[in-house]
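>>> coords below, sequence missing:
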């Protein structure tokens, strides 16, 4: 789970907390009334405990959403850009809801049926005078119908990471804590500032832009990458066209030149060697007759002398 997505969940929890105050305000009041007779220190501990239980409940829901995303959704969308596009659409969807579109409000009506079925268990946690009861109350509180919770769960589903989905839901819950633990005066001030500066609407616009960026920026980069790759390929083809044919031609010309030199050398050698060989043969032939003539003349002289 990426850091920008976690920051988006934190901002959604904080700037959407006035909505949470409207949904959870009655429950928080009931918890406070059930703590009468408890010391202030223990009361703060009980408040922290049931908020911890609520965050744990959100994390459990995040694990379930992450499992759905990794086991059901991811195999169907493997090997394409659909998960990224789906995440961008979810962010844009949540942003539109924060701008006032009633998409998530309809989901709250669906979740209200689950909340009613938990009513017998909710009755057993009162009064909230012990830490186990406070923890149980917080765990049940996580199932209270809330459009922003459902929006966060959609982000967790398409995030394709079980541990990251649990962390995302925990971070979302942290964003809602300041509004729910603040005093009445602080709650009024926070509510006024968020409404005055349109922070909820601003966060909605940011989420819409983030969703569109997740969808469109990789597409633009991919398109630009293909163009650059084509140019690079054309450059390589141009280089190969200029260089590849030249090398074999030069190599062949070099071989032909060597062959011509060898032929010239072979043709030149007989012409250079034959005169010497002929001269040597003539010299040998001249030597042989002269020797025979000398022997003949000696024999004739000896025969003439003997006859005398």
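Arrived safely, thanks for sending. Not measured: the values here are computed from a predicted model. Residues are numbered from 1 along each chain as shown.
>>> What ranges in the stretch 51-200 of the chain fall below the confidence cut-off?
The stretch 51-200 of the chain contains residues with pLDDT under 70 at 183-185.
>>> quick one, helices of it?
74-76, 82-98, 103-117, 119-124, 131-141, 147-158, 162-181, 184-196, 199-243 (DSSP state H, counting those that start in this stretch).
>>> Which one of those lies nearest to residue 46?
Set against residue 46 and scored by Cβ to Cβ, those come closest in helix 131-141, at 4.4 Å. In this view, the C-beta of every residue, glycine as well, is placed from N, C-alpha and C.
>>> May I see the buried residues of the closest one?
Neighbour-count burial for helix 131-141, with 16 or more other Cβ atoms under 10 Å as criterion, is recorded at 131, 133, 134, 135, 136, 137, 138, 139, 140, 141.
>>> what's the spacing between it and its chain's center?
39 Å (Cα atoms, centre = their mean, to the nearest Å).
>>> Against which helices or strands is it packed?
Contact partners of helix 131-141 among helices and strands, from 3 or more Cβ pairs under 8 Å, 6 or more residues apart in numbering; DSSP states H and E: helix 17-33, helix 40-68, helix 119-124.
>>> Now the ones you listed in TSV, please, with extra columns for distance to residue 177 and mean neighbour count.
Output for the helices and strands packed on helix 131-141, formatted as TSV (distance: least, Cβ to Cβ, whole Å; neighbours: other Cβ atoms under 10 Å):
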stretch	distance to residue 177	mean neighbour count
helix 17-33	8	16
helix 40-68	6	19
helix 119-124	21	11
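>>> Need those helices in JSON lines (columns: distance to residue 165).
JSON lines is the format used below for the helices and strands packed on helix 131-141 (distance: least, Cβ to Cβ, whole Å):
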{"stretch": "helix 17-33", "distance to residue 165": "20"}
{"stretch": "helix 40-68", "distance to residue 165": "3"}
{"stretch": "helix 119-124", "distance to residue 165": "25"}
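>>> Nearest approach to residue 147 belongs to which of those helices?
Nearest to residue 147, of all the helices and strands packed on helix 131-141, is helix 17-33, at 7.3 Å by Cβ to Cβ.
>>> Which one of the helices of the stretch 51-200 of the chain lies nearest to residue 4?
That would be, of those and by Cβ to Cβ, helix 199-243, which comes in at 7.3 Å.
>>> so who does residue 72 touch?
Going by Cβ atoms under 8 Å, 6 or more residues apart in numbering, residue 72 touches no other residue.
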